[in-house]
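Q: For reference, the sequence and a predicted model appear below.
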Amino acid sequence: MIELAVFGAGRIGQVHALNAAAHPSVHLKYIVEPVASDHLDRLAMQTGAMLCEPETVFTDPAIKGVIIASSTDTHAALLLRAAQTGKAVFCEKPVSLDFSTVEDVTNEVEKTGVACLLGFQRRYDPDFRLVRERIVSGQAGELEHIVMHTRDPSPPPRNYIERSGGMFRDQAIHDFDMARYLLGEEIATVYAVGNCLIDQEIAAAGDIDTAMITLTSVSGRFVQMVNCRRAPFGYDQRLEALCSREVLYVENRPQRGVMIADAQGFHSSTPMNYFIERFTGAYRAEMHAFIDMIATGSTPLATIRDGLEAQRLAEAAIVSMNTGKPIQFSTDWHPDAEERR
Ligand SMILES: NC(=O)c1ccc[n+]([C@@H]2O[C@H](COP(=O)([O-])OP(=O)(O)OC[C@H]3O[C@@H](n4cnc5c(N)ncnc54)[C@H](O)[C@@H]3O)[C@@H](O)[C@H]2O)c1
C-alpha cells in the first residue's frame, strides 16, 4: 500500500482525499486541517484517515506522498518541507501568489529531484485530452488558433476575491496552462484587457470580473481567452481549436443527456454546475496519475514547472492590463524586470 497524507480539507481537499482513499493501492493515513468542523470529522470517518499536525506527516517515513490542497498561502512552505523530507507531491495551483516565490520553490523542488504533479486537472479531462491528441498526432491538421471561454456561474464573495491573487492568477491560470499544453510551444506576446462589469464589490477588492486576453505563440499562432466571473446559465467551460483539417470543440457538459423537444422548441438542460461537478472524472484521473507517479516513476501531465510557466503568463497579463500595452514575452520574462523598464 502507498501511504499518503492530505493537507487541507476544504472544497478541493475533500475531493482529493476521497479520490485518494478510494484507490485500491492507497492508504490515506493522515489529514492535516487546522479548522475543526463536522465535515472534517465526516471526511476522517469516510476515508479512515487520522487528523494530525504537519510534522507528524513529514517525520513519518511510511508516508510516500503528500497532497497539498490547503489555502494558497501555505503551498510554498509545505512544498519545500515535502521536498526536504523526500515526499512526492501533488500540489494545487497556484504555488504562491508571489511570482519570485514560485520561481524559488520550483527551482528548489526540481533540485531535490522530488516528483511533483501540479493540479491542472483539465489536462486529465478526456475531452481536452482528445483535442490535444488529435493535434499532436497530426490528425486534425495544423493548429491555427484557439478560442477559450471560462465563466464562473456567479461571482465569488469579496473575502474570497481578497485572498485569491486576482482573476488571472486564480481562475485564468488554467487557461494559460491549456494554451501552452495545446500549442506545444511557448508564447511570444500577451495582451490583456479587463474590467469590472458585473460586481462592484470585486472592483472594491481591487480585482476585475471580466477579461479578454490575446496570446501569440512563437510561431505566430493565436489564442483568444474570454474569462469572466458570471454566466447566467451556470458554469461555462468551452474551447474551440481551429486546425487545417478539423475544428475541435469542447462543449459544456449538460446535467441531463436527454434533449426534450415540444411545440415550443428543443430544450436541453443547464450545464454541469461548476468545476467540482464538471471535472469529477478529471480529478479522479489526476489522483490516479499521482499514485502512478509514486509507484512507477511516470511523468505527470502537469509538473511544477508548468505551474511556473502558466503563472508567468498570468503575471504578464496583469502587467499588460495595467499598462494597456502588449507584452513581449518569453520564458525568462519576469514582472520585476518589466517594472524597471
Ligand atoms: N485545480 C482546481 O480545480 C482547484 C479548484 C479549487 C481550488 N483550487 C486550489 O486549491 C487550494 C484550496 O482551495 P479551496 O477552494 O479548497 O479552499 P478552501 O478555503 O475551501 O480550503 C482550504 C483549506 O485549507 C485549510 N488550511 C489552511 N491552512 C492550512 C495548513 N497550514 N495546513 C492544512 N490545511 C490548511 C483551511 O482551513 C481550509 O479548510 C487553493 O490553492 C486553490 O487555488 C484548485
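A: Done, it's in.

Q: quick one: the residue in the stretch 101-250 of the chain that the ligand sits nearest to and residue 4, what's the gap?
A: Of all residues in the stretch 101-250 of the chain, residue 119 sits closest to the ligand, at 4.1 Å by Cβ to the nearest ligand atom. Where you see a C-beta, it was placed from the backbone N, CA and C, and this is true even at glycine. Noted for residue 119: a distance of 15 Å to residue 4, by Cβ to Cβ, to the nearest Å.

Q: which of the two has more neighbours?
A: residue 4 (30 against 23; other Cβ atoms under 10 Å).

Q: what are the phi and psi angles of the more buried one?
A: phi -130, psi 160 (degrees, to the nearest 10).

Q: Now for it: which residues touch it?
A: Counting by Cβ atoms under 8 Å, 6 or more residues apart in numbering, residue 4 touches 20, 26, 27, 28, 29, 63, 64, 65, 66, 67.

Q: go on, residue 219?
A: Contacts of residue 219 (Cβ under 8 Å, 6+ apart): residue 185.

Q: C-terminal to the longest helix that the chain contains, what's the next element?
A: Under DSSP state H, the helix in the chain containing the largest number of residues is helix 304-323. Counting by DSSP states H and E, the next helix or strand C-terminal to helix 304-323 is strand 327-328.

Q: Which neighbouring elements make contact with that following strand?
A: strand 187-195, helix 304-323 (3 or more Cβ pairs under 8 Å, 6 or more residues apart in numbering; DSSP states H and E).

Q: Would you reformat these as CSV and include distance to residue 143?
A: Shown next, in CSV, are these (distance: least, Cβ to Cβ, whole Å):
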stretch, distance to residue 143
strand 187-195, 14
helix 304-323, 18
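
Q: and stretch 296-309, C-alpha only, in CSV?
A: Coordinates of each C-alpha in stretch 296-309 appear next as CSV, following Å, rounded to 0.1, in the frame of the first residue of the first chain:
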residue,chain,number,x,y,z
THR,A,296,6.2,3.6,-11.3
GLY,A,297,8.1,6.9,-11.7
SER,A,298,5.8,8.0,-14.6
THR,A,299,5.9,11.7,-15.6
PRO,A,300,2.7,13.6,-14.7
LEU,A,301,0.9,15.6,-17.4
ALA,A,302,1.4,18.8,-15.4
THR,A,303,4.6,19.5,-13.4
ILE,A,304,5.6,22.2,-11.0
ARG,A,305,7.4,23.9,-14.0
ASP,A,306,4.1,24.0,-15.9
GLY,A,307,2.7,25.8,-12.9
LEU,A,308,5.5,28.3,-13.0
GLU,A,309,5.1,29.0,-16.8
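
Q: Pull the residues that contact it.
A: For stretch 296-309, the surrounding residues in contact (Cβ under 8 Å, 6+ apart) are 79, 89, 91, 93-95, 102-103, 105-106, 109-110, 115-120, 123-124, 177, 180-181, 186, 289-290, 292-293, 331.

Q: List the buried residues of that stretch.
A: Applying a neighbour-count criterion of 16 or more other Cβ atoms under 10 Å, one finds 300, 301, 302, 303, 304, 306, 307, 308, 309 buried in stretch 296-309.

Q: cool, stretch 247-257 as well?
A: Applying 16+ other Cβ under 10 Å to stretch 247-257 flags 248, 250, 252, 253 as buried.

Q: out of everything not next to it in sequence, what's closest to the residue in the stretch 151-300 of the chain positioned nearest to the ligand?
A: Going by Cβ to the nearest ligand atom, the ligand is nearest to residue 275 of the stretch 151-300 of the chain, at 5.0 Å. Of all residues not flanking residue 275 in the chain, residue 235 sits nearest, at 7.1 Å (Cβ to Cβ, 6 or more residues apart in numbering).

Q: The one you found reaches residue 279, doesn't it?
A: No: using Cβ atoms under 8 Å, residue 235 is not in contact with residue 279; the gap is 10.0 Å.

Q: What ranges does the stretch 151-300 of the chain have for its helices?
A: With DSSP state H, counting those that start in this stretch, the ranges of helices along the stretch 151-300 of the chain come out as 158-164, 167-170, 173-183, 200-204, 274-278, 280-296.

Q: can you redo the ones you listed as TSV with distance to residue 314?
A: Shown next, in TSV, are these (distance: least, Cβ to Cβ, whole Å):
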stretch	distance to residue 314
helix 158-164	12
helix 167-170	4
helix 173-183	5
helix 200-204	17
helix 274-278	18
helix 280-296	21
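
Q: Near the residue of the stretch 151-300 of the chain closest to the ligand, how many other residues are there?
A: Neighbours of residue 275 (other Cβ under 10 Å): 22.
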